[in-house]
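Enquirer: Any chance you can model this:
(2 chains)
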Amino acid sequence: MTTTIDAGPTPGDTDRPSWRSSWRLRRDPMPVERGLDLIALWHLVGAGLALVGFLAAVSPSGGLPGSVRTVLVGFWAAALVAHVVAAVGVRRRARWARTVSVAVDYLVFVVAGVALLHRLGLFTGLNAFADGFEDAVGALAVVAIGAWWVLAARAITRRRPVTTPTVRALRIAGWAVLAAGTVVFLWQVDLPGGLVTAGERLVEPWSLAVAGLALAAGAAFAYGWSAPVADHLGTTRRQHEALTGLLFLSPNILGFLAFFAGPLMFSLVISFFDWDAFGGTRDFTGFGNYIRIFSLQFTDAGTSDALAGDLLKPGYQELMRLDLFGQHWLIGARDPLFWTSLKNILIFLVLAVPLSVIPALLLSTVLNSRLAGMRVFRAIYFVPSVAGVIGITIIWGQLFSSTVGWINYLRTRIHEWFAVLPFVDGPAEPYQTPWLSSSSTALVSIVIVFAWMTFGFNTLLYLAGHQAIPKDVYEAAELDGANAWKRFRRITVPQLRDTTFYVVAVTAILAMQQFDIVFVLTNPPGGPSNSTLTPVLHLYNEGFKSSRHGYASAVAWVLFILIFGLTVIQFRRQRESAR
Amino acid sequence: MSVVRRGPRAVAVKVVTYIALVAVAVVVLFPFLVGLSIAFKEPRAVFSYPPTLVPRTAATGTIEGVDGAVPLFELPDQDGTFGLVEDGVSFGIYIDAANPAGEPLQLLQDEVERTDRTVVVDGEDEAIFTPNVDGAPAELIRLRTAIGARFQNTDDPSDVVVGLVNTAVPAEEVSVRARNFGDVLDRQNLSRALTNTLLVTSLVVLGQLATSILGGYAFSRMRFRGRDGLFLMYLGSVMVPFVVLIIPLYQLMVDLGWVDNLSALVVPFAFTAYGTFLMRQFFIGIPNEVEEAAMLDGASRWRTLTRIFVPLAKPAIATLATFAFLYAWNSFVWPLVVINSGSTSNFVLSLALQQLGGRAQDAINLVFAGIVIAMVPPILVFLLAQRSYVENAAGTGIK
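Expert: Next up is the predicted model:
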C-alpha cells in the first residue's frame, strides 16, 4: 500500500459506478492487495515467457520463413512490452493499470485459447464433422421439430396457463423429441470420437502448456475485471464503459484484424516480392512487379510483317500492331495479357453498364407508379441477383448453345415470322452462331448475362431514388400539360441524376471484378483466344495456376486502385450534391 | 408518377405498361423455366432441336396380342399411332403388274407368294407375285426388297403396316423425369455438397449475427477512445474489393493448414463490417431511456443486449441473416480457390455445379437438376425476407 499513486477522484468521475450495486454482496475471496501482487507477478511471468518467445523468434536457427519470423518477432515484442507495462502499472496501483492488465489478459486468453482449439483440431475437424453431418441432417430435422414443439407449447401456456395432464404430457413429449433428436444428431456427427481425438491431443505437453496459459490468463482477466479490483484501483465509470465496449467489440475487431486488415497489409507487402505461397521463391523485388505490369514498348516496325522478336527488348511480347500516319507501330508489353484483360474489361464496362442501368431507370419509373402488382414485378426482377451466379451461368451456357440453344432458335423463329412480309426472305437454315466459342461474340454473351443478372438490383436502387423526388413537381408539370415522356425527360431523369451516378458507380465497380460468369461460361476460362480474359481472371491464373502470388497481388492492388478511383469520384460527387 | 387519370387513354397506357412489365418478367423468368425443364428431361432430349420447354420422351405403348411395351411411331400417309412390333423384317415393295404407275405396296416377304409366271416390264422379265392378303388375288411385281419393321396400329391391331424405320416419326409424350434429382444427389455426390453448403452457410450466418450484434451494440451504445475512428475504418473496409484479399487469405489458410478445409469457408467470413454497420444503425435508433431503465434495475450490459436490444432488433437481424445466407450460399470464388484438392467431399454447391457442368456434358440434365436444388433455398429465403431485404439493399447499395 506504499507506492500507490492515488490521484483521487477527479471532478468528472465522482459519480458512483453503476455496476457496483450488483456486485456489492459478493465477498472478496482474498485481500485485494495480495491479489494485485499476484497479478503483477503473473504479468512478470508473462513478460518472461514473451522474452523467451522473442529470443526464439529472433534466433535464425528456427528455420522459419522470413515473413512469419517478422510477424512473430513483432508479436512477442508487443507481448513483452505489454506485460512489463501491466506489471509496473499494477505494482504502482495506477488507475490505468486495470485497463492495461485486463486487456493484456484478455488478449493472451483469446490467443492461447484459439491456439489450443486449433491444436485440438476444432477447426480442421470441421471436415470430419461434415462427414457425419451428411447423415445427421435427418436427426437435425427432428431437433428442429422438437425445438418448435417446445417453443410452441411454451407460447401457448404463457398466454393461458393450463396444467392439465395432457398439456404436461405434450410438453414433456416435446422435450423428449428434442432430446432424442439431439442425442442421435451428436452420435451421428461422431461427437464422442471427436472428443476422444481432442482429449488425446490435449494431453500432449505443448497442448497442456497452452491450456495452462489460457487458464491463467482467463483467471487473471476474471479477477482483474471484478468489482473489488475496480474499486481498489479507483476505476472510473468511463474507464469501465470503455473496457466493456472493447470487450463487446473484441470478437469483431480481432476477426477484422486477422481476416481483413492483416491480410490487406500482407498483400501490399508481398506485391513487392517474388512470392510463392507454398514457400518456393520469396525474393524482394521492390517495384519490380508493378514495373512488369505497366511495361510497354513502342517501336516503329518499318513494315507490317516485321517479326516482333527482332524488334522487342528481351522479356517483351507482342501486344498489338497499329498502322498510324503511314507508320507501322508495334507495341510490346512484358505482360501482354494484363493489357488484354484491361482492354476487355473496358469494353465490358462500356457495354454492360448501360445495358444494366438504362432498363433499370425505365423500369423503376414504371414500377414507381401506383398500379397494382408492382411489388410482384419488383420481386421477380430481383430474383436473378439472388439465385446464385453459377447456376444462372450454366443455364445461360445452354441458352447460348450454337446448335440447340434457345437464343439461336428464337432468332430463327423470329426471322421466319418476319418472312411473311414482302421482300423479306426466310432464313436459309437455322442460325448457328457459336456465341461462346467465337472471339467476336463471347464477350457480348458475358455482357448479356451480367446485365440480366444485375438490372433488377439497379431497379431497386432507382426506386429508392424515386422516393426522394417531390410529388408536387409532377403534379405541377401535369397541370402545365407536360406529357409522360416530357415528365420523364425533364423531371425524372434530372432529379435522379445523383442516383444514376451512384448506380453507374456501383455497377461499374461490380463489373470491374467480373470473374465467375467468364470462368463458368468460357472454355478455357477467358477464351477463345483471351477475348474474355478479365483482370481478376488474369490475377487468378497468375496466382493459382502459375503460383506467382506476389505478382498476382500487385495486379490486385492495381485493380484495387482503379476501383478505388471510381469510389472516390462517386464519393466526391455525393458530397458535392449534398452541399 | 402519382397523378392518377381516368378515361380510355389512361386504360390504354395501363395496358401498354403491363405488357412491357410482363415482357421483361418473361425475359427474367425464361432462363429459369429452361433450367427447370432441362432438370426434368431425358439426357437425349436436352440435345434435340428445336429446343422445347416441356420435357418430352419417346412414347411407348401396348398392343393387343403383343407382349410388353413397344415404341410408338407416327407413319407417313397413315392415320393413328403405330407400335413397332417387329424390327429387322424383310419386306418388298410391289406394284400392280397391270398398273405400274399406281401406288406401290409394301408387304412382308412371307406373306407374298411367288408364282412361276412372268410378265415383261420395260423389256425385262419380272416374276409375278400373288399376295395372300384380303383374299383378293392381285398380281404384283416386286420393285425391290428392304429390311424394315412391322408396325401395328395401337387402336386396331389388324391394321399392319411394314416399312422403313427411318421414315417413321417417333411419337413423343410429356415425361417428367424426377429421378434426375435423386441421381445427381446420389451418383454425383451432390448430397454431400448440399449438406456442406448447409453447414457452412448456417455457421457463417450464426457467426455474422453474433459478431455483428456485439459489435453494433458497442459502436452504438458505449463510449471509448478511438471508437469513431474505428467505425470509419469499418465503413471504409466495405470499399475494398475481395479480390485484394484472395491471395493473402489463401496464404493464411496455407499457414494454418486450412486449405481444402471447410473451416476456411466459415471462419474468415464470420466477421462483417457491413453487418456491424447495419446493427449499429438499428441500435442507434433505440431510445436511450429504454437502456437506462434497464440499467437502473441493475441489469448488466449483456442482459440489456440480449433481453431488450436483440428482441427489438428482429427486423434488422432478419435482414442481416438474409444477406449472410445469400452471400454464403452463393459464394464461388473463394471456395474455388481454397477447396482445391478435387475431392468432392469438401465441395460446396457452387463449386460442385461448376465442376459438374464442365465435366458431365453427357449428363447435363443431372447438372440442371443440381442447379434447381441449389437455387431453391436462396430464392425461398429471398421471397420470405423480401420486404425488409429489398428496403435495406436499396438503402445501402451493398449486395
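
Enquirer: tally of neighbours for A:Ala173?
Expert: A:Ala173 has 14 neighbouring residues, counting by other Cβ atoms under 10 Å in any protein chain shown. Glycine gets a C-beta too; all of them are placed from N, C-alpha and C.

Enquirer: where are the low-confidence patches of the stretch 51-200 of chain A?
Expert: Counting by pLDDT under 70, the stretch 51-200 of chain A has low-confidence residues at A:60-68, A:162.

Enquirer: Return the residues of it in contact with chain B.
Expert: Selection of the stretch 51-200 of chain A residues close to chain B by Cβ under 8 Å from any Cβ of the partner chain yields A:68, A:118, A:123-124, A:126-127, A:129-131, A:133-134, A:137.

Enquirer: Phi and psi next, for B:Glu74.
Expert: Per-residue torsions, B:Glu74: phi -110, psi 130 (degrees, to the nearest 10).

Enquirer: residue contacts, the residue lying closest to it once chain neighbours are set aside?
Expert: Excluding its sequence neighbours, the residue lying closest to B:Glu74 (Cβ to Cβ, 6 or more residues apart in numbering or on different chains) is B:Val169, at 4.7 Å. Contacts here follow Cβ atoms under 8 Å, 6 or more residues apart in numbering or on different chains; on that basis B:Val169 touches B:73-76.

Enquirer: Same list (these) but as JSON lines, adding neighbour count.
Expert: Converted to JSON lines, these look like this (neighbours: other Cβ atoms under 10 Å in any protein chain shown):
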{"residue": "B:Phe73", "neighbour count": "22"}
{"residue": "B:Glu74", "neighbour count": "16"}
{"residue": "B:Leu75", "neighbour count": "16"}
{"residue": "B:Pro76", "neighbour count": "9"}
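
Enquirer: Secondary structure added to those, as CSV?
Expert: Listed next are the contacts of B:Val169 as CSV, based on DSSP: H, G, I helix; E, B strand; the rest coil:
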residue, secondary structure
B:Phe73, strand
B:Glu74, strand
B:Leu75, coil
B:Pro76, coil
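
Enquirer: Quick check: which ranges of the chain have low pLDDT?
Expert: Let's take chain A. Ranges of chain A meeting pLDDT under 70: A:1-30, A:60-68, A:162, A:280, A:304, A:578-579.

Enquirer: that's the wrong chain, I meant chain B
Expert: In chain B (pLDDT under 70), the answer is B:1-6, B:132-137, B:360-362, B:390-399.

Enquirer: Which residue ranges make up each domain of it?
Expert: B:8-55, B:60-170, B:181-395 (automatic domain parsing).

Enquirer: which of the ones you listed is buried the deepest?
Expert: domain B:181-395 (a mean of 20; mean count of other Cβ atoms under 10 Å in any protein chain shown).

Enquirer: so how far is that one from its chain's centroid?
Expert: Put simply, domain B:181-395 sits 24 Å off its chain's centre (Cα atoms, centre = their mean, to the nearest Å).

Enquirer: which residues in the stretch 51-200 of chain B form strands?
Expert: Secondary structure of the stretch 51-200 of chain B (DSSP state E, counting those that start in this stretch): strands at B:56-58, B:60-61, B:70-74, B:82-96, B:105-108, B:112-121, B:124-131, B:140-153, B:160-163, B:169-170, B:172-174.

Enquirer: got TSV for those strands, with distance to B:Ala352 too?
Expert: Listed next are the strands of the stretch 51-200 of chain B as TSV, based on distance: least, Cβ to Cβ, whole Å:
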stretch	distance to B:Ala352
strand B:56-58	27
strand B:60-61	34
strand B:70-74	36
strand B:82-96	40
strand B:105-108	53
strand B:112-121	60
strand B:124-131	62
strand B:140-153	43
strand B:160-163	47
strand B:169-170	34
strand B:172-174	30
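
Enquirer: Ok, which of these comes nearest B:Val15?
Expert: strand B:172-174 (33.3 Å; Cβ to Cβ).

Enquirer: and B:Ala324, what is it in contact with?
Expert: B:204-205, B:208-209, B:272, B:275.

Enquirer: go with 6 Å
Expert: The contact partners of B:Ala324, by Cβ atoms under 6 Å, 6 or more residues apart in numbering or on different chains, come to B:204-205, B:208.

Enquirer: What is the nearest of the residues you listed to A:Ala220?
Expert: Nearest to A:Ala220 out of the contacts of B:Ala324 is B:Gln208 (Cβ to Cβ; 30.7 Å).

Enquirer: what about that closest one, is that helix, strand or coil?
Expert: Secondary structure, three-state DSSP: B:Gln208 is helix.

Enquirer: Tell me which helix or strand comes right after the biggest helix by length in chain A.
Expert: Assignment by DSSP state H gives helix A:126-159 as the longest helix of chain A. Once the chain leaves helix A:126-159, the next helix or strand it forms, by DSSP states H and E, is helix A:165-188.

Enquirer: between the helix or strand just after that following helix and helix A:126-159, how big is the angle?
Expert: Next helix or strand after helix A:165-188 toward the C-terminus (DSSP H and E): helix A:191-202. Angle, helix A:191-202 to helix A:126-159, by axes from the mean of the first three to the mean of the last three Cα atoms, to 10 degrees: 120 degrees.

Enquirer: Please tell me how far A:Ala227 sits from chain B.
Expert: Here A:Ala227 is placed at a distance of 12 Å from chain B (Cβ to the nearest Cβ, to the nearest Å).

Enquirer: and A:Val473, which of the three is it?
Expert: helix.

Enquirer: right, I mislabeled it, should have said A:Tyr409
Expert: Applying three-state DSSP: A:Tyr409 is helix.

Enquirer: My read is that it contacts B:Pro50, right?
Expert: Yes: under the criterion of Cβ atoms under 6 Å, A:Tyr409 makes contact with B:Pro50 at 5.3 Å.

Enquirer: if I pick B:Arg44, what's in contact with it?
Expert: Counted by Cβ under 6 Å, 6+ apart, B:Arg44 has zero contacts.
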